[in-house]
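*Asks:* Sequence plus predicted model, see below.
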Amino acid sequence: MNRVQTVASHVVAAEDNFQDRVKAMAEWQAQPRFKHVKRPYSTEEVVRLQGSVVHENSFQSAQANKLYDYMRTCKENKTCEFTFGALDPVQVTQMAKYLNTVYVSGWQCSSTASTTNEPGPDLADYPYTTVPNKVDQLTRAQRFHDRKQYEERMRQTPEWRAKNPAVDYLNPIVADADTGHGGLTACSKLTRLMIDAGAGGIHIEDQSPGTKKCGHMGGKVLVSTEEHCQRLVALRLTADMMMSPLVIVARTDAESATYIGSNMDPRDHPFILGATVPIETLVEATHKGNDKEWKQRAKLMTMPEAIADALKKAGRESEVQGFLAQSYDMGFPQLRKKASELKVEVHFDSDAARSIEGYYQIRGCTKFCAQRAKAFAQYADAVWMETAVPTLSQADEFATDVLAVRPNLMLAYNQSPSFNWDKSGMNDSEMEHFIKKLGTMGFCWQFITLAGFHCDALQIDLFAKDYAQRGMRAYVEMIQRAERKHGVETLTHQKWSGSEYIDKIMGTITSGKSSTGIMSAGVTEKDF
């Protein structure tokens, strides 16, 4: 049988086996792991899209399940896993001794690891292979150090191994997918790359790709709630096609975003701003984009705010809170109908308030985040609200609102280095317990996005300054003696890099006859 016949035979066999594959996929999707996940597509559709060969990554699946189990256990126990962003193989392996998960930041990749080698701010304008490449590098480092450790431990006695617990280097990685780097097909391709690279989870935010910015920058533009829901479905469908239990974290920037690209989704309407003064009554009818004076004259409000304002002016303040509580689930038509029922007249023109680029202005707030979180919860495993400041009261407001409707949803929290923590209003003790208190609220996975980046910069700056003044004494005092004192493995960097392990591989290949081993006569590291 020639190659063409062999391939054809394989495809026919796969086609004949279609119903068996559908059954197997249905059983896989029915795992308790997916108990809280909604799939707006059929099992048959997934199998049809898989091709004749199912593309699986058993290591990645194990990492995703490990991550999900960590988070779900924390959710149930009101505790949390917490970690930080790792820059390189040194950081990811040193972290493994103390933490259980790893974060890979798009910001750090944009500034330090773009595949174009051109650094820049967090605008997601780097190639979309950048973050998967970083994940792949860190995953390979984890697996290498795991193999190296395993070989070394198997040379020891059971008694020694019992007294010296192994380090779990295989910590699940959660990686930044930014906005998906484009439309739904880009989201799907990026997900496939992340899974191939070994990421246990990814997060994706509800900003618009072309204007994406770091969550702590200004001028953010959201996509509609529906568009981001479709992104989440794209991620889940791709993961299903690859039979990956990928953990999906939906991030919302609706707390501090100022624009939205579309008003097509009624769920966004209560937060869209409009002019409440007729354009023709303004001295200048032309909108000047971000002109502050124009905004003040136009009296920009959301429609619920305009109706509430009309009720207050009519002396009916007692009705305001009840109306506002209902308004967040109303689109423009319903809000106009409600205003009519309440017998108040309001002028509201969202088109008049659009920016020079055509974006609608919005009222970013915690409530907008909560409304989006409830919508995203159907398709994601966890939701993360990007915040402007770290406060327990805001976190509690968000968690209470969301979990009242989606009690099984897991929450994530960014302990951002963009915050000036010394101006947060917390004392040192409150900072120390901040993570644990958030855990009791349901924030079961938390992270410092750029701690690895800042550690790197700080330590190198301190050492370089001292080295320039004191030469080798600075190196010995600041690094070599400190590594020895604290038992940091990089003291013997040849061994850390795997020299002994590679010697064992070479010896196995040559049946022990090689005389040029890396750690043979002449290696200076024996002085340690």
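*Replies:* Nice, thanks for sending it over.
*Asks:* So what does Ile173 have for phi and psi?
*Replies:* Ile173 adopts backbone torsions of phi -100, psi 130, taken as degrees, to the nearest 10.
*Asks:* Distance of it relative to Pro270?
*Replies:* 37 Å (CB to CB, to the nearest Å). C-beta: built from backbone N, CA, C; applies to glycine.
*Asks:* For whichever helix in the chain runs longest, what does the pLDDT average out to?
*Replies:* When the chain is parsed with DSSP state H, its longest helix is helix 130-154. Helix 130-154 shows a mean pLDDT of 97.
*Asks:* count of neighbours near Thr112?
*Replies:* Neighbour count for Thr112, taken as other CB atoms under 10 Å: 15.
*Asks:* If you could redo that for Trp107, that was the one I meant.
*Replies:* With other CB under 10 Å as criterion, Trp107 counts 23.
*Asks:* Give me the nearest residue to it, chain neighbours excluded.
*Replies:* In space, and not counting its chain neighbours, Trp107 is closest to Asp122: 4.0 Å by CB to CB, 6 or more residues apart in numbering.
*Asks:* Helix, strand, or coil at Lys338?
*Replies:* helix (DSSP: H, G, I helix; E, B strand; the rest coil).
*Asks:* if I look at it, how far off is Val344?
*Replies:* In this view, Lys338 and Val344 are 9 Å apart by CB to CB.
*Asks:* Show the model's pLDDT score for Pro278.
*Replies:* Pro278 is assigned 83 on the pLDDT scale.
*Asks:* Give me the neighbour count for the spatially closest residue to it that is not a sequence neighbour.
*Replies:* In space, and not counting its chain neighbours, Pro278 is closest to His347: 5.7 Å by CB to CB, 6+ apart. For His347, the count of nearby residues is 15 (other CB under 10 Å).
*Asks:* going forward can the numbers begin at 133, since that is how I track them
*Replies:* In the new numbering, first residue 133, that becomes His479.
*Asks:* Verify the stated contact: His479 with Ala430.
*Replies:* No: here His479 lies out of contact with Ala430, judged by CB atoms under 8 Å, at a distance of 10.3 Å.
*Asks:* Spell out which residues are contacts of both of these two.
*Replies:* Ala407, Thr408, Val409 (CB atoms under 8 Å, 6 or more residues apart in numbering).
*Asks:* Write the ChimeraX selection for whichever of these are buried.
*Replies:* Here is the ChimeraX selection string for the buried members of these, based on 16 or more other CB atoms under 10 Å:
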select :407,408
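*Asks:* and which of the shared contacts of His479 and Ala430 is nearest to Arg383?
*Replies:* Distance to Arg383 across these (CB to CB) is lowest for Ala407, with 30.8 Å.
*Asks:* Contacts only, for the closest one.
*Replies:* Contact analysis of Ala407 by CB under 8 Å, 6+ apart lists Ala430, Lys431, Leu432, His479, Phe480, Asp481, Ser482, Ala484, Ala485.
*Asks:* same question, Lys266
*Replies:* Here Lys266 is in contact with Val236, Cys241, Ala245, Ala307 (criterion: CB under 8 Å, 6+ apart).
*Asks:* Let me see the contact set for the second one.
*Replies:* Going back to what we said before, that points to Cys241. For Cys241, the contact set (CB under 8 Å, 6+ apart) comprises Tyr258, Thr262, Val263, Lys266, Asp308.
*Asks:* Neighbour-wise, give me the winner out of those residues.
*Replies:* Neighbour max across the contacts of Cys241 (other CB under 10 Å) = Val263, 31 neighbours.
*Asks:* thought it was touching Val306?
*Replies:* No: Val263 is not in contact with Val306 according to CB under 8 Å; the separation is 11.0 Å.
*Asks:* what do the two both touch?
*Replies:* Contact with both Val263 and Val306 is made by residues Val236, according to CB under 8 Å, 6+ apart.
*Asks:* so what are the domain limits for the protein?
*Replies:* Domain assignment for the chain by automatic domain parsing gives 163-390+497-581, 401-482, 624-660.
*Asks:* Could you dump those into JSON lines with distance to Glu489 added?
*Replies:* Formatted as JSON lines, those follow (distance: least, CB to CB, whole Å):
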{"stretch": "domain 163-390+497-581", "distance to Glu489": "8"}
{"stretch": "domain 401-482", "distance to Glu489": "8"}
{"stretch": "domain 624-660", "distance to Glu489": "51"}
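*Asks:* what's the most buried one of the ones you listed?
*Replies:* domain 163-390+497-581 (a mean of 19; mean count of other CB atoms under 10 Å).
*Asks:* Helices of the stretch 333-482 of the chain, start to end?
*Replies:* With DSSP state H, counting those that start in this stretch, the ranges of helices along the stretch 333-482 of the chain come out as 357-373, 424-430, 435-445, 452-459, 464-473.
*Asks:* before we move on, the earlier item: from the contacts of Lys266, which land in helices?
*Replies:* Using DSSP H, Cys241 are the members of the contacts of Lys266 that sit in helices.
*Asks:* ok, of the contacts of Lys266, which one's closest to Tyr230?
*Replies:* Val236 (17.8 Å).
*Asks:* I figured the closest one hits Ala218, correct?
*Replies:* Yes: the criterion here is CB under 8 Å, and Val236 meets it with Ala218 at 6.8 Å.
*Asks:* Need the residues touching each of the two.
*Replies:* Leu270.
*Asks:* mind checking how far the residue nearest in space to the middle of the chain is from Met396?
*Replies:* Nearest to the geometric centre of the chain sits His335, at 3.0 Å (CA atoms, centre = their mean). Here His335 is placed at a distance of 24 Å from Met396 (CB to CB).
*Asks:* same thing with Glu518?
*Replies:* Glu518 sits 23 Å away from Met396, going by CB to CB.
*Asks:* Excluding chain neighbours, what is closest to Gly217?
*Replies:* Once flanking residues are discounted, Gly217 sits nearest to Ser237: 4.1 Å by CB to CB, 6+ apart.
*Asks:* Now do the contacts for that neighbour.
*Replies:* With CB under 8 Å, 6+ apart, Ser237 has these contacts: Gly217, Asp308, Thr581, Leu582, Phe585.
*Asks:* quick one: contacts for the third one?
*Replies:* Right, the one you point to is Thr581. The contact partners of Thr581, by CB under 8 Å, 6+ apart, come to Phe216, Gly217, Tyr235, Ser237, Trp239, Gln240, Asn546, Ser548, Pro549.
*Asks:* Please give me every residue in contact with the closest residue to Asp268 other than its chain neighbours.
*Replies:* Nearest residue to Asp268, sequence neighbours excluded (CB to CB, 6+ apart): Ala329, at 4.0 Å. Ala329 makes contacts with Gln192, Pro264, Asn265, Val267, Asp268, Thr271, Ala307, as judged by CB under 8 Å, 6+ apart.
*Asks:* nearest to Gln612, of the domains of the chain?
*Replies:* Of all the domains of the chain, it is domain 624-660 that lies closest to Gln612, at 9.3 Å by CB to CB.
*Asks:* who's the closest residue in space to Tyr200 that isn't next to it in sequence bridged to?
*Replies:* Spatial nearest neighbour of Tyr200, chain neighbours left out: Val379 (5.2 Å); criterion: CB to CB, 6+ apart. Applying DSSP bridges to Val379 gives these bridge partners: Gly333.
*Asks:* Okay, Val379 and Thr271: tell me how far apart.
*Replies:* Val379 is 15 Å from Thr271, by CB to CB.
*Asks:* now swap in Ser459 and tell me
*Replies:* From Ser459 to Thr271 the distance is 47 Å (CB to CB).
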